[in-house]
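>>> Make a model of this:
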Amino acid sequence: QDFSFCRFSPRLSCAMRVQASVLTITAAVTGVDVSQAIGESAFSCLKGEGSADFAIARVYQSTGNVDPNGPQTIKNAKAAGIQYVDGY
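Sure, this is the predicted structure:
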């Protein structure tokens, strides 16, 4: 019997491999961008809910002045176990 009709064309085979590789990428990262003082307990709550893999805190105000709450907010995020913390 001739089963040649079962073979994939090179073009179709390539398209199927691309589709399969696209379907395997499903990771999502969530986080928060804060412009006010946030305590460690609030960050712990966000982390516990799975809502914060990262935190970005304001460290400079729009006027160019240093935000006095920024450094403590970054410390609080780190203390709560947020993996990725930065400032803007």
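>>> Which stretches in the chain count as strands?
31-34, 54-57, 84-87 (DSSP state E).
>>> Partner strands of the last one and their direction?
Right, strand 84-87. Counting by DSSP bridges, the strands paired with strand 84-87 are strand 54-57 (parallel).
>>> tell me the average confidence for the strand it pairs with?
For strand 54-57, the mean pLDDT works out to 95.
>>> who are the neighbours in contact with the spatially closest residue to Gln72 that is not a sequence neighbour?
In space, Gln72 comes closest to Ala37 once its chain neighbours are excluded; the distance is 6.6 Å by CB to CB, 6 or more residues apart in numbering. For the C-beta atoms, the positions are set from N, CA and C on the backbone; glycine is no exception. For Ala37, the contact set (CB atoms under 8 Å, 6 or more residues apart in numbering) comprises Asn69, Gln72, Thr73.
>>> How about Ala57?
Shown in contact with Ala57 (CB under 8 Å, 6+ apart): Val34, Ser35, Ile38, Asn69, Gly70, Thr73, Ile74, Ala77, Val85, Asp86, Gly87, Tyr88.
>>> This completes my enquiry, with thanks.
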